[in-house]
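J.: need a 3D model of the sequence below.
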Amino acid sequence: MRRRLALGVAVLAASGVLAFAAPGGALAAPEGACAGRKVKTLPFSTGAVHVYKRHGYVCAVTLPKQPGTKRTMSVSVQARGNRPVVDKGRYAHRAGPVTVHAGNRCVWVKGSVARGSVSSGWILC
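T.: A predicted model of the protein is given here:
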């Protein structure tokens, strides 16, 4: 019994180490932060918002044109009839990801980097 318990603990510990050591972390591949397929890119003067969809969920992330310098960034996604989910702060590489369950409803996506911004209107209806 002790041997099985020790083996189970060792397997869990090893899987935790592999999860943290896996390549392609959030900063290495910021677009990989959202699951699903990319359905829209909303470019603007200082960056772009990338929108993904998977099984009724919509995810968005804002990426600056010139990453590396901390500045005010934001991203929000709102499913029609619900409140928006927002991530806003001073970031160097991205704002988000933010995810909402939209089902078959339209969504409104917004994003900004410094003084540049974009607002989609109702999309993915």
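J.: contacting residues for R105?
T.: Neighbouring residues of R105 by Cβ atoms under 8 Å, 6 or more residues apart in numbering: 79-81, 125. The way it works is simple: take the backbone N, C-alpha and C, and place the C-beta from them, glycine included.
J.: and which of the residues you listed is nearest R90?
T.: Using Cβ to Cβ, A79 is the member of the contacts of R105 that sits closest to R90, with 27.0 Å.
J.: so for the spatially most central residue of the chain, what's the pLDDT?
T.: When the chain is reduced to its mean C-alpha position, the nearest residue by Cα atoms, centre = their mean turns out to be P97, at 2.0 Å. The predicted local confidence for P97 comes out at a pLDDT of 97.
J.: surely it meets V49?
T.: No: at 10.7 Å, P97 and V49 do not qualify as touching, with contact defined as Cβ atoms under 8 Å.
J.: shared neighbours of those two, which are they?
T.: Common neighbours of P97 and V49, using Cβ under 8 Å, 6+ apart, are 60-61, 75.
J.: thinking again about what came up before, quick one: buried ones out of the contacts of R105?
T.: Buried residues within the contacts of R105, defined by neighbour count using 16 or more other Cβ atoms under 10 Å: A79.
J.: I appreciate the help and will end here.
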